[in-house]
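K.L.:
Below are the sequence and a predicted model; questions follow.
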There are 4 protein chains.
Amino acid sequence: MRFYSDNTATACPEILAAISEANQGLAVAYGDDPWTQRLDAVLGGFFGAEVRAFAVATGTAANSLGLATLCPPYGAIYAHQEAHIATDECGAPGFFSGGAQLALLRGEHGKLLPGTFAAALSARPVDVHSVQPAALSLTQATELGTVYQPAEIAALSKLAHGRGLKVHLDGARFANALAFLDCQPADLTWRAGVDVLSFGATKNGALAAEAVVFFDRDLVRDFELRRKRAGHLLSKSRYVAAQLLAYVESGVWKRNAERTNRLAQDIGRAAGASLLHPVEANEVFVKLGVQRRQALRAAGFEFYDWGAESAGDARFVVSWDQPDGDVPALCAALGRLR
Amino acid sequence: MRFYSDNTATACPEILAAISEANQGLAVAYGDDPWTQRLDAVLGGFFGAEVRAFAVATGTAANSLGLATLCPPYGAIYAHQEAHIATDECGAPGFFSGGAQLALLRGEHGKLLPGTFAAALSARPVDVHSVQPAALSLTQATELGTVYQPAEIAALSKLAHGRGLKVHLDGARFANALAFLDCQPADLTWRAGVDVLSFGATKNGALAAEAVVFFDRDLVRDFELRRKRAGHLLSKSRYVAAQLLAYVESGVWKRNAERTNRLAQDIGRAAGASLLHPVEANEVFVKLGVQRRQALRAAGFEFYDWGAESAGDARFVVSWDQPDGDVPALCAALGRLR
Amino acid sequence: MRFYSDNTATACPEILAAISEANQGLAVAYGDDPWTQRLDAVLGGFFGAEVRAFAVATGTAANSLGLATLCPPYGAIYAHQEAHIATDECGAPGFFSGGAQLALLRGEHGKLLPGTFAAALSARPVDVHSVQPAALSLTQATELGTVYQPAEIAALSKLAHGRGLKVHLDGARFANALAFLDCQPADLTWRAGVDVLSFGATKNGALAAEAVVFFDRDLVRDFELRRKRAGHLLSKSRYVAAQLLAYVESGVWKRNAERTNRLAQDIGRAAGASLLHPVEANEVFVKLGVQRRQALRAAGFEFYDWGAESAGDARFVVSWDQPDGDVPALCAALGRLR
Amino acid sequence: MRFYSDNTATACPEILAAISEANQGLAVAYGDDPWTQRLDAVLGGFFGAEVRAFAVATGTAANSLGLATLCPPYGAIYAHQEAHIATDECGAPGFFSGGAQLALLRGEHGKLLPGTFAAALSARPVDVHSVQPAALSLTQATELGTVYQPAEIAALSKLAHGRGLKVHLDGARFANALAFLDCQPADLTWRAGVDVLSFGATKNGALAAEAVVFFDRDLVRDFELRRKRAGHLLSKSRYVAAQLLAYVESGVWKRNAERTNRLAQDIGRAAGASLLHPVEANEVFVKLGVQRRQALRAAGFEFYDWGAESAGDARFVVSWDQPDGDVPALCAALGRLR
């Protein structure tokens, strides 16, 4: 039973159907096709705002292309020290931006607090010797499976904007956050001060599709050129656009996220006091200890160790197509280990 | 009738079927799935050599990641001045390599001659002040629809290797070249001295899939890290791998390339004396003049102008799924314009 | 007798004296010293315009930092194919800009013609696939010892500005051009459309000092940050500023340039019909043939071969402190070889 | 009375004399002069090892060029969070390396502890998703005026080498550390596992001169090309080489460092319990409080605030040419404020 990652999932039927439907006739390449051209309107509708939206195939591309547009090569990007851009993208923000420096901050359960961010901004003078604070990157849901409230994002964005920084939101699991909060997409994005969103679909049922959504539309020409030179403008753009359209229009984003969130809650309850972080999305972190972790693995459960080997922590991620019996089995096993 | 580009094509049935077949069960992400893990063996079989093969979604990514692995940031990449990497990738080689400089050479019909390359290598001394010759990038089929003979590639590669340069082959339309020459894949690659190949499938029937094939396997760890940080390691890697496997194993690469080559020949014959370059793949370049070009467009043919506006040249590209009537209609129209 | 380069020269007495005079008391570092703070006014006076001027220690830094400020990472920099930035800076423009691509053009005697530049700008459409034309870089005096007339620069700048490009002037030997033309510094710079000048002093008598002079003052904050992160903001800035102030205020720029120009004219006359380019600055290029070149070397003259080994061309550069007997001796030797 | 920085100092007489002595006759440029060519031998003698040594004009250049040679673009550089490369070089390591990421660690008094470093190396698995640990950069003397013992460096280097990382030492104030410890230069460098040293002279009496000293000589060709393309190969190289030769051969490094260390000790004693860090070099950090800091400034003392404005901390740096009365006056003033 596989709890490695939601990237182990298949593509869901709605997405595959959309790809097949798009597979008709010659269509102008590189985004001048009818599917891609609907992206702005459909995502604008979803977010309740005028947006410019661009399709790419990976979350790393979405994050780093967005950040490179917000941040000069001598800029600093503030983020939580557990952020995906800091730990799991092999230095992509530095690559795409031409050398921008990450300013990594601490925060319980993967979330930044305004006080920490404010202190970091004031820690030393900004002059020609220092990197220039340029962007704040938040993750929603966070890497530790927690979720920011709209007001929390708004408070952080306000601080950022007050100092001239732009705000990026890594929404690889945006749907999970949205389903958890049951609020409007706008509440978590432009209304809360987000300038650019990486809106993930891949983990939650798409084949390979992420949208970079600009609420600040002045920046997009730079983005378009950066995307092309990074090899992230797909020639047959219709297929990635079609996935995003189906993801939003069919409501599959919600159905899948609600299921994985609910199953993660089940695992969290089974973990009981071993739970490391509140379960608010589809990830569960459990302090098992090295021995119990090994026992669980021997019992047929696949998952990743989390953090240092010796800490004995484990991460379980629920996929949209997680077989029905997997989570009850895991819960039972966790129960036996308590 | 659309002759803009082979990127306007759909994905062919074999490719879509492969994607559907791969859409079963949870599979480890980021390349540790059974599809991706077959790539080396299947492409090794195709090329008759031990290879390491990596899947990416775009040709620009394939070319520039390959080149960045071959070329230090202070290196020079020799290429034809009409090469895709020079004209159509928005500076991607400079981006991926960290600033490598293109050394662009002339050559009739899009092909480099050994004499031109040798002269460029000897044009000035190589010392600490100059960029360091690092790679030769050839295109097969070329951007002007012509094809290098195996011996021509071998002669250029020999020169390159003799001066310590590595050889990259941009094979966005490799299948077309192979179908035209009716030789072995090995003859156009490692036997002719190619170190790294961008093996394109997208233009010839895939949805979004290109393989970077390393015949020089010492380089691959660097490549893997560059691919990840560039956002070109797909999380659900199985889908792009499945496309490449189907492309090679089903023989669809050949069927599609033979059809588009044949139809291009028809257009070339219809163009007669207006033909700008020999037709050896699926692209046809015709000197129409501004007026006749406009007339053709008014008659319902879609295609790109080529080069300077005033030159009046046109490019026609045949897609694998070009409707049956399109080419006869174009041929008739070209005949009327003569 | 050494004719390798004007970089073989010493620093002239006025420059050394200025360094000694600046060597008094504790002065705030990194440019907030009285010497650096006079740069804008003194260079503004020299050029007859309000300018922002920045000191760096090398010409490569001056050129590439200036260009990186003018050109996005996906930009194209148009320049003569013999330009120093293309041939002698080890890819610096690509490094500093984050990957900008050089678009190299031909032109007799090292000079670009407006027609060639215009044709290059129109050679193909500019869209998301191509690098974005961003800057024109001219060299004055050119790498082949020739000099642009003010009207020639103005014509090229007008074309550049008309297409939205900025204009950079590599003035490593600006003093030689100015002395040759006997015009105002303004005539060769802002009045002719130059946005940023690399104003060289090192070759013409300084120890290590070049000014980057911005006539377009909107760009300077970006420049200042790029300079710092490239390690080109000197901590004891007063010493490089003092050199530039002395270079301009003492008139040594003129005295030295007039002497080296005059001596180069003597060599040019002695070369007679073997002369490859008009002598308009302090460099002389002579077609000697491999054998005569060797003979000259055996006779004790030191100089660089130029271009391909087999061409037999030689370059002679006169330094500001070239010993009095050197040039007559070279002229006599060249006369004997005719 | 100026205690801003040792960069406010002049150049000392021995250095200026060396520049004047080098100012004789035409010398081959770009390092092929007799002064530059003695660098390896003279610095090799100083360090008691075979070395390759390269002159540059700034510490930022020395650090970042050295690090870029040690670290691939997808590498991680471990350093103290107060390191100059992290806080005062405007992102230079990211720029020169093509995007390497800093992994910043905590440690009392500006020093890293082996345990902290070991924990960071083990904090998460290294795979294709993470930046690749590549280099450890230590600072000696540290940014907080403290000094590593040889055994402390050796312990950190051993950890680094055991994990395949190279070791860089930022020795902008290396002379101060050496004078404090009264040990051999070898003890702080190659004997303790240092691969590359930035050996600063500017702060301690030179005009603008730092040596990058490679104890691991395999890396130097890459370094030389990086230096050139970064504009840090000085054309009139003799002047920077002459400074370094004089700095080492005259013993001025020692005389100056001993004086500034001794005066800093005086200030440290005067600060008493307000002292923030042990005084082991020429920098003194004092917790004054905002009000007393203002009083001191009003009394004519110039110095920098340290850290956040509100913390009320101050940094005093003694320059080699600090006027004799300055330190007694500062000590008296600090005494009055206690």
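P.N.:
Structure received.

K.L.:
ok, residues contacting stretch A:26-37?
P.N.:
Contact with stretch A:26-37 is made by A:22, A:55, A:233-239, A:241-242, A:245, B:2, B:4-5, B:7-10, B:319, B:321-322, C:128-129, as judged by CB atoms under 8 Å, 6 or more residues apart in numbering or on different chains. In this view, the C-beta of every residue, glycine as well, is placed from N, C-alpha and C.

K.L.:
secondary structure class for the nearest residue to A:Asn23 once chain neighbours are set aside?
P.N.:
Distances taken as CB to CB, 6 or more residues apart in numbering or on different chains place B:Thr10 nearest to A:Asn23, at 4.6 Å, with adjacent residues excluded. Put simply, B:Thr10 is coil when judged by DSSP: H, G, I helix; E, B strand; the rest coil.

K.L.:
which residues touch B:Thr10?
P.N.:
With CB under 8 Å, 6+ apart, B:Thr10 has these contacts: A:Asn23, A:Gln24, A:Gly25, A:Leu26, A:Ala27, A:Lys236, B:Asp321.

K.L.:
Against B:Gly44, how distant is the most centrally placed residue in chain A?
P.N.:
Nearest to the mean C-alpha position of chain A, by CA atoms, centre = their mean, lies A:Ala172 at 2.0 Å. Going from A:Ala172 to B:Gly44 by CB to CB, to the nearest Å gives 34 Å.

K.L.:
could you pull out the helices for the stretch 101-250 of chain A?
P.N.:
A:114-122, A:150-162, A:174-181, A:220-229, A:238-249 (DSSP state H, counting those that start in this stretch).

K.L.:
Just the residues contacting stretch A:324-338, thanks.
P.N.:
A:1-3, A:263, A:266-267, A:269-272, A:274, A:286, A:288, A:292, A:295-296, A:299, A:301, A:316, A:318.

K.L.:
Which members of these are classed as buried?
P.N.:
Among those, those scoring as buried are A:1-3, A:263, A:266-267, A:270-271, A:274, A:286, A:288, A:292, A:296, A:301, A:316, A:318 (criterion: 16 or more other CB atoms under 10 Å in any protein chain shown).

K.L.:
Which of those residues sits closest to A:His161?
P.N.:
A:Val318 (35.2 Å; CB to CB).

K.L.:
how close does that closest one get to A:Ala273?
P.N.:
Taking CB to CB, one finds A:Val318 at 21 Å from A:Ala273.

K.L.:
mind listing what the residue in the stretch 201-338 of chain A positioned nearest to chain B touches?
P.N.:
In the stretch 201-338 of chain A, no residue comes nearer to chain B than A:Gly231, which is 3.3 Å away by CB to the nearest CB. Going by CB under 8 Å, 6+ apart, A:Gly231 touches B:56-62, B:64-65, B:89, B:92, B:230, B:232.

K.L.:
residues near A:Pro328, how many?
P.N.:
The tally of other residues near A:Pro328 (other CB atoms under 10 Å in any protein chain shown) stands at 13.

K.L.:
Over to A:Ala273?
P.N.:
Counted with other CB under 10 Å, A:Ala273 comes out at 6.

K.L.:
Can you pull the phi/psi pair for it?
P.N.:
Torsion angles at A:Ala273 (phi, psi; degrees, to the nearest 10) stand at phi -70, psi -10.

K.L.:
Also the one 10 residues further on?
P.N.:
Here is the backbone geometry of A:Glu283 (degrees, to the nearest 10): phi -120, psi 140.

K.L.:
Please enumerate the strands of the stretch 51-200 of chain A.
P.N.:
Assigned by DSSP state E, counting those that start in this stretch, the strands in the stretch 51-200 of chain A fall at A:52-56, A:75-80, A:101-105, A:132-139, A:166-171, A:196-200.

K.L.:
Out of the ones you listed, which gets nearest to chain B?
P.N.:
strand A:52-56 (7.4 Å).

K.L.:
touching chain C at all, the closest one?
P.N.:
No - counting by CB under 8 Å from any CB of the partner chain, chain C has no neighbours in strand A:52-56; the shortest distance is 11.3 Å.

K.L.:
Can you name the residues that contact the residue in chain A positioned nearest to chain C?
P.N.:
The nearest approach of chain A to chain C comes at A:Gly98, 3.8 Å away (CB to the nearest CB). A:Gly98 sits next to A:Ala68, A:Pro73, C:Pro73, C:Gly98, C:Gly99, D:Phe95, D:Gly99 when contact means CB under 8 Å, 6+ apart.

K.L.:
Make JSON lines from those and add pLDDT to it.
P.N.:
Formatted as JSON lines, the contacts of A:Gly98 follow (pLDDT from 0 to 100):
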{"residue": "A:Ala68", "pLDDT": "98"}
{"residue": "A:Pro73", "pLDDT": "98"}
{"residue": "C:Pro73", "pLDDT": "98"}
{"residue": "C:Gly98", "pLDDT": "97"}
{"residue": "C:Gly99", "pLDDT": "97"}
{"residue": "D:Phe95", "pLDDT": "98"}
{"residue": "D:Gly99", "pLDDT": "97"}
